[in-house]
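Asks: Sequence first, then the predicted structure:
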Amino acid sequence: MSVQSWLNDIWYKRAAPPWWLLPLSALYGAASGVRREAYAKHLRPATRLPCAVVVVGNVSVGGTGKTPLVCWLVARLAELGLKPGVVTRGYGGSSRSGRLVVISDDPDLVGDEAILLARRTQVPIAIGRDRPAASRLLIGAGCNVVVSDDGLQHYALARDCEIAVIDADRRLGNGRLLPAGPLRESAARLRSVDAIVVNGAVSNGGEPLPESALRMRLEASSAVPLSGGAAKALAEFAGQSVHAVAAIGNPQRFFNMLRSNGIEVLAHPLPDHAQLRSADICFGDDRPVLMTEKDAVKCGKIAGARHWYVPVSAVFEQSDSQALLGIVSKAIQERA
């Protein structure tokens with residue numbers, strides 16, 4: 001069993017954590033609390049940009065659907081006549097300095113999510129561990145709204161609106177802080193955000209969700225060949241046995257989505273942001289290989305005719321869409 005699988009059993013399947021993880025969680029909570037208070041009391045300076053900043057993040061580690069929500073939000077802001085740009089850390093990339101991303105960049109340099117965002121949104125994308133400095137690159141590129149992807153805990157960048165995303169299935173796991181649980185900050189942090197978005201169908205049981213939470217789902221309708229050519233309806237894979245590759249925070253969500261479309265899945269979960277090799281996506285048979293869009297950006301040079309990626313899009317009911325866009329628009333207008 002891998003370390004991540006062992007942790008997932010503790011975090012999400014309620015296996016008892018070993019005693020020695022508990023004091024580590026207490027130390028983590030104390031350190032993160034002191035850091036947040038230092039920014040709240042202005043003991044550490046937070047940079048306020050000359051434009052509005054909207055943060056999309058979560059209080060837990062692992063995939064919750066933040067990136068599809070960022071893509072959705074950027075598209076809506078552009079429809080309103082704004083000029084949004086996205087700042088992200090560039091996790092998994094080797095670049096140590098802030099830079100603007102172009103679609104032709106090597107994902108080993110700028111990270112897989114940065115390339116995905118550049119391809120899907122067609123707006124300026126900046127990466128950098130120093131988010132204020134990276135955000136200034138977006139302003140220099142003509143942006144008048146900065147959307148920070150996975151930026152809830154990056155307090156050095158002052159923000160005008162915070163959106164927290166929760167996975168409907170995993171929710172907050174066992175409710176403990178890292179490493180005994182999956183939480184970066186306590187559940188109480190959710191009381192201070194401007195909007196909570198729950199990704200996926202809500203089942204009975206688990207941590208209660210706020211009544212004000214907005215509901216989002218991820219939809220996929222097609223598969224795109226990595227070697228080029230026309231997309232294929234996902235329904236055409238129904239009844240087939242396929243290899244499914246996912247190096248994301250919650251691979252099971254991708255596998256379940258394929259199964260919900262009637263596809264027989266041979267699952268190949270990998271660590272989030274894993275550097276994929278040929279052996280990770282080639283299995284010695286003629287079955288199709290379906291992967292996430294984030295993984296596909298790393299596989300262009302090693303993929304063949306059997307390799308497809310499945311793009312997903314965030315979808316809201318009209319009332320929730322209007323409510324979320326209203327919250328964000330109000331924050332932007334108040335800043336202006």
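Replies: Thanks, I have it. Residues are numbered from 1 along each chain as shown.

Asks: Am I right that residue 215 falls within a helix?
Replies: No. Applying DSSP: H, G, I helix; E, B strand; the rest coil, one finds residue 215 to be strand, outside a helix.

Asks: who touches it in this structure?
Replies: Residue 215 is in contact with 197, 198, 202, 316, 317, 320, counting by Cβ atoms under 8 Å, 6 or more residues apart in numbering. Every C-beta, even on glycine, is put in place using the N, C-alpha and C of the backbone.

Asks: Need the worst-confidence member of the residues you listed.
Replies: In terms of pLDDT, residue 202 ranks lowest among those, with 73.

Asks: Tell me the buried residues within the contacts of residue 215.
Replies: Among the contacts of residue 215, those buried by neighbour count (16 or more other Cβ atoms under 10 Å) are 197, 198, 316, 320.

Asks: From those residues, which land in strands?
Replies: Members of the buried ones among the contacts of residue 215 lying in strands (criterion: DSSP state E): 197, 198, 316.

Asks: Just give me the closest of those to residue 223.
Replies: Nearest to residue 223, judged by Cβ to Cβ, of those is residue 316 at 23.6 Å.

Asks: what bridges to the closest one?
Replies: For residue 316, the beta-bridge partners under DSSP bridges are residue 216.

Asks: Give me the local confidence score for residue 193.
Replies: 97.

Asks: which ones are touching it?
Replies: By Cβ under 8 Å, 6+ apart, the neighbours of residue 193 are 152, 162, 163, 164.

Asks: separation between the first one and residue 126?
Replies: If you measure residue 152 against residue 126 using Cβ to Cβ, to the nearest Å, the figure is 18 Å.

Asks: remind me which residues of the chain are low pLDDT?
Replies: Within the chain, the segments meeting pLDDT under 70 span 1, 203-207.

Asks: quick check: domain ranges of it?
Replies: Partitioning the chain according to automatic domain parsing yields domains covering residues 40-82+144-217+315-335, 221-311.

Asks: What separates the first and last residues of the shortest one, distance-wise?
Replies: To tie it back to what came earlier, the one meant is domain 221-311. 8 Å (Cα to Cα, to the nearest Å).

Asks: same question, stretch 39-51
Replies: End-to-end distance for stretch 39-51, by Cα to Cα: 20 Å.
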